[in-house]
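J.: Just a sequence and a predicted model for now, questions to come.
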Amino acid sequence: SAYFFPRVGSVCSSRPASEAAPCGGPEMPVVSKMQHAAFLVSGAAAAEAVLDLPVGPIAFLGGFAAPGGSAVAPRTAAALRGVSSAFTDGASTADAISQGRSTTACSTVVAGSAITAVAVAGAARTARRERRQGVKTARFALATLDKEAVATKEEQVKKLAQYVKELGGNKVLKRILIANNGMAATKAIISMKQWAYLELGLDNVFEFVVMATRDDLDANAEFIRLADTFVEVPSGKNVNNYANVDLICETARAQKVDAVWPGWGHASENPALPTKLKELGVTFIGPTAPVMSVLGDKICANILAQTAGVPSIPWSGDGLTANLTAEGTIPDEIFQKGLVKTAAEAAAVAERIGYPVMVKASEGGGGKGIRMCASREEIDANFPQVQNEAPPGSPIFVMQLCQGARHIEVQIVGDEHGNAVALNGRDCSTQRRFQKIFEE
């Protein structure tokens with residue numbers, strides 16, 4: 001437009017056709033020049049309308065006749081004057097007539113094109129104004145929703161904090177890392193959400209961060225979809241991910257969580273996890289390290305039960321009691337009396353308590369590191385197998401086999417204030433290879 005607008009006047013000037021028309025060549029007819037000029041004028045009108053000049057479609061046409069009108073849109077005014085001169089100059093009129101067109105026809109073309117351009121430009125301005133208004137409305141609506149969501153979230157957190165305060169709690173846990181996967185993570189998230197809704201009427205007060213391997217992501221695991229945030233961790237053995245204490249602690253620190261829930265298996269019974277999390281100021285949802293050290297080991301757990309006066313099945317450490325150390329663990333000299341280190345020691349214990357017996361690894365589980373022995377020969381054959389199946393260096397003990405019994409579990413939940421409650425019992429007697437198939 002910067003190139004054409006200054007030349008509109010010369011295109012439509014009173015010079016003969018042989019001397020004019022820098023836009024179309026010396027042989028361009030005058031009528032074509034008029035049409036060309038009309039299109040240029042239309043373009044000028046549309047361009048200035050698009051630029052949001054302070055004139056509407058109606059005022060645009062009449063504005064040039066008013067005093068100072070040319071100051072509003074000087075380029076369009078100059079173009080219109082150039083077109084106007086084509087109809088007032090005799091030579092141009094003669095040229096137009098010689099081409100078989102009248103000045104009235106030419107003026108109609110110019111006026112029609114200009115009015116059309118103004119109408120189009122006006123419609124464009126209206127549509128653009130409506131779009132801007134629509135965007136503003138949408139932005140306002142989104143901002144309102146965001147403010148309402150923030151306000152709702154803040155109100156929920158305040159309600160949770162009030163609940164904790166009323167019950168004597170000392171820390172509000174709202175952002176939680178689930179250091180597990182599969183069913184454990186899924187049940188944890190669903191259970192916490194249900195508790196918050198049933199207890200407090202809050203449906204979204206907790207924020208859940210989960211750890212997910214590439215396999216979990218490829219499977220579109222449900223616990224990932226339930227979480228608010230996920231952190232991808234290395235695949236492979238659980239020592240690379242869910243059993244990796246350092247990785248769990250680093251994830252907790254990076255995600256700025258309030259607490260970590262370990263689930264079951266993996267790192268859930270590793271005393272190093274609550275110890276390191278405590279150093280980071282992150283709450284471990286589970287037992288303290290000393291309690292985990294005592295109850296996470298089968299030998300220590302039996303000694304602790306005997307110390308509390310709980311009747312026990314005859315075993316290699318029966319009769320042992322202990323006073324806990326300052327760290328809350330069983331003294332090592334007492335612990336060593338409860339284990340057996342060779343097949344010969346295991347056989348001696350079996351002779352004392354009576355066959356059949358179970359040879360068990362203290363750190364075994366899931367049907368691994370456990371063998372039933374009904375004779376000395378079976379002890380000699382099975383003892384090395386127990387050693388190989390258990391983690392390296394795991395202590396081994398011997399316990400009398402309780403025949404014709406049922407496997408009943410009772411879950412105990414306690415807190416740091418000394419409160420404890422026993423939940424419903426579970427019958428786990430349906431087993432295969434010393435591993436529970438289901439619980440009733």
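T.: Done, it's in. Numbering: from 1, shown residues only.

J.: so where is this protein shaky, pLDDT-wise?
T.: 1-151, 366 (pLDDT under 70).

J.: The same query, at a cut-off of 80, please.
T.: By pLDDT under 80, the low-scoring segments of the chain are 1-153, 364-367, 433-435.

J.: What ranges does it have for its strands?
T.: Counting by DSSP state E, one finds strands in the chain at the ranges 175-178, 207-212, 229-232, 259-261, 283-284, 357-365, 368-373, 396-400, 408-414, 420-427, 431-432, 435-436.

J.: just those: most buried one?
T.: With neighbours defined by mean count of other Cβ atoms under 10 Å, none of the strands of the chain is more surrounded on average than strand 175-178, at a mean of 25. Where C-beta positions appear, they are placed from N, C-alpha and C, glycine not excepted.

J.: which residues touch that strand?
T.: 185, 188-189, 192, 206-211, 223, 227, 248, 251-252, 255-261, 263, 285 (Cβ atoms under 8 Å, 6 or more residues apart in numbering).

J.: do that again at 10 Å, thanks
T.: 184-186, 188-189, 192, 206-212, 223, 226-231, 242, 248-249, 251-263, 277, 282-283, 285 (Cβ atoms under 10 Å, 6 or more residues apart in numbering).

J.: coming back round to it: so which of the strands of the chain is nearest residue 272?
T.: Among the strands of the chain, the nearest to residue 272 by Cβ to Cβ is strand 283-284 (10.9 Å).

J.: Walk me through which strands the closest one pairs with, and which way each runs.
T.: strand 259-261 (parallel) (DSSP bridges).

J.: Now residue 164: closest residue in space, sequence neighbours ignored.
T.: residue 172 (5.2 Å; Cβ to Cβ, 6 or more residues apart in numbering).

J.: Give me the neighbour count for that neighbour.
T.: Residue 172 is flanked by 17 other residues according to other Cβ atoms under 10 Å.

J.: Same question for residue 244.
T.: Neighbour tally, residue 244, other Cβ under 10 Å: 22.

J.: so it sits right up against residue 267, yeah?
T.: Yes. Contact criterion Cβ atoms under 10 Å: residue 244 and residue 267 qualify, at 7.2 Å.

J.: Overlap of the contact sets of the two?
T.: With Cβ under 10 Å, 6+ apart, residue 244 and residue 267 have common neighbours 179, 238, 273.

J.: any chance of those in CSV, plus distance to residue 326?
T.: Below are the shared contacts of residue 244 and residue 267 laid out as CSV (distance: Cβ to Cβ, whole Å):
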residue, distance to residue 326
179, 28
238, 32
273, 21
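
J.: What subset of these is buried?
T.: 179, 273 (16 or more other Cβ atoms under 10 Å).

J.: Next step: the shared contacts of residue 244 and residue 267 restricted to helices.
T.: residue 273 (DSSP state H).

J.: Enumerate every residue touching the residue nearest to residue 164.
T.: 157-158, 160-165, 205, 258-259.

J.: Most neighbours among these, which one is it?
T.: residue 205 (22 neighbours).

J.: tally of neighbours for the closest residue to that residue other than its chain neighbours?
T.: Excluding the flanking residues, the one nearest residue 205 by Cβ to Cβ, 6+ apart is residue 156, at 4.3 Å. Neighbour count of residue 156, defined by other Cβ under 10 Å: 19.

J.: got a list of what residue 156 touches?
T.: Applying Cβ under 10 Å, 6+ apart, the residues contacting residue 156 are 174, 196, 200-206.

J.: if we go to 8 Å?
T.: Taking Cβ under 8 Å, 6+ apart, one finds 202, 204-205 in contact with residue 156.

J.: Turn those residues into JSON lines, columns for distance to residue 384.
T.: Listed next are those as JSON lines, based on distance: Cβ to Cβ, whole Å:
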{"residue": "202", "distance to residue 384": "56"}
{"residue": "204", "distance to residue 384": "55"}
{"residue": "205", "distance to residue 384": "53"}
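
J.: neighbouring contacts of stretch 286-301?
T.: Counting by Cβ under 8 Å, 6+ apart, 261-262, 268-272, 274-275, 278, 304, 317, 324, 327-330, 335, 338-339, 360, 362-363, 395, 397, 416 sit against stretch 286-301.

J.: how long is it end to end?
T.: Stretch 286-301 stretches 17 Å from its first residue to its last (Cα to Cα, to the nearest Å).

J.: likewise stretch 391-405?
T.: Where stretch 391-405 begins and where it ends lie 28 Å apart, using Cα to Cα.

J.: returning to that earlier point: closest to residue 372 out of the contacts of residue 156?
T.: Using Cβ to Cβ as the measure, the one of those that approaches residue 372 most closely is residue 205, at 49.6 Å.

J.: ok, now which ones touch the closest one?
T.: Counting by Cβ under 8 Å, 6+ apart, residue 205 has contacts 153, 156-157, 159-160, 174, 196.

J.: try it again with 6 Å
T.: Counting by Cβ atoms under 6 Å, 6 or more residues apart in numbering, residue 205 makes contact with 156, 160, 196.

J.: Quick check, the last one in contact with residue 202.
T.: The reference is to residue 196. Yes. Using Cβ atoms under 6 Å, residue 196 is in contact with residue 202, at 4.6 Å.

J.: Export the contacts of residue 205 to JSON lines and append columns for distance to residue 313.
T.: Shown next, in JSON lines, are these (distance: Cβ to Cβ, whole Å):
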{"residue": "156", "distance to residue 313": "50"}
{"residue": "160", "distance to residue 313": "45"}
{"residue": "196", "distance to residue 313": "42"}
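
J.: which among the residues you listed gets closest to residue 435?
T.: residue 196 (34.5 Å).

J.: neighbours around residue 234, how many?
T.: With other Cβ under 10 Å as criterion, residue 234 counts 12.
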